[in-house]
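Novice: Next one to model:
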Amino acid sequence: MSYEKTSINSVSRILLNLELLNKGNIDCEMVRHLAPVTVNKIIKGLPIQDRIHKFKDQFVYIETGIESGTEKPRTHFKSGEIGFMTSNGALCFFLQDAIVSPMSQVGILRGSTEFIKSASTGDIIVIKRK
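Specialist: Numbering: from 1, shown residues only. Below is the predicted model:
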């Protein structure tokens, strides 16, 4: 799936900043049409801050406390995509292409994920509006 890079917030695309404390920042984008109910809950819950967890080398995730059902479930994710895992309310940031349990895609990372790959379990991620 190809995404046009834009720097303007719109009704369907909400620009956010993901900060890995003391390690770096990356812009990300919530895409409302991918999972409208879940994306609305994420936006209303901002800022989100939690310690990261790693799942193999496939993705890192943070628990959000957000409860939402699965919308348009997918099992194949590409590097740079953001998924929402309903079982624990986690945002998953994919670091490589992966096949996983069904989850909703909610957005994309806009840039290199290299500094996230170097993160350790327990590092803190903060997600807020740009």
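Novice: which other residues reach the worst-scoring helix or strand of the chain on mean pLDDT?
Specialist: Least confident element among the helices and strands of the chain, by mean pLDDT, DSSP states H and E: helix 114-117 (a mean of 88). With contacts defined as CB atoms under 8 Å, 6 or more residues apart in numbering, helix 114-117 is touched by Leu20, Lys23, Gly24, Ile26, Asp57, Val60, Phe93, Leu95, Leu109. C-beta coordinates here come from the backbone N, C-alpha and C atoms, glycine included.
Novice: Can you name the residues that contact the residue most central in space within the chain?
Specialist: Residue closest to the average C-alpha location in the chain (CA atoms, centre = their mean): Ile82, at 3.5 Å. Listed by CB under 8 Å, 6+ apart, the contact partners of Ile82 are Cys28, Met30, Leu91, Cys92, Phe93, Phe94, Gln105, Val106, Gly107, Ile108, Leu109.
Novice: Can you pick out the most distant pair from those residues?
Specialist: The distance between the two most remote of these (CB to CB) is 15.0 Å, for Met30 and Phe94.
Novice: most residues in a single helix of the protein, which one?
Specialist: Secondary structure of the chain read by DSSP state H shows that its longest helix is helix 36-44.
Novice: Pull out the CA atoms of it and give them to me as CSV.
Specialist: Extracted as CSV, the C-alpha positions of helix 36-44 are listed here (Å, rounded to 0.1, in the frame of the first residue of the first chain):
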residue,chain,number,x,y,z
PRO,A,36,-12.0,4.8,12.1
VAL,A,37,-13.2,3.9,15.6
THR,A,38,-9.8,2.8,16.8
VAL,A,39,-8.0,5.9,15.3
ASN,A,40,-10.6,8.2,17.0
LYS,A,41,-9.9,6.6,20.4
ILE,A,42,-6.2,6.9,19.9
ILE,A,43,-6.4,10.6,19.0
LYS,A,44,-8.7,11.3,22.0
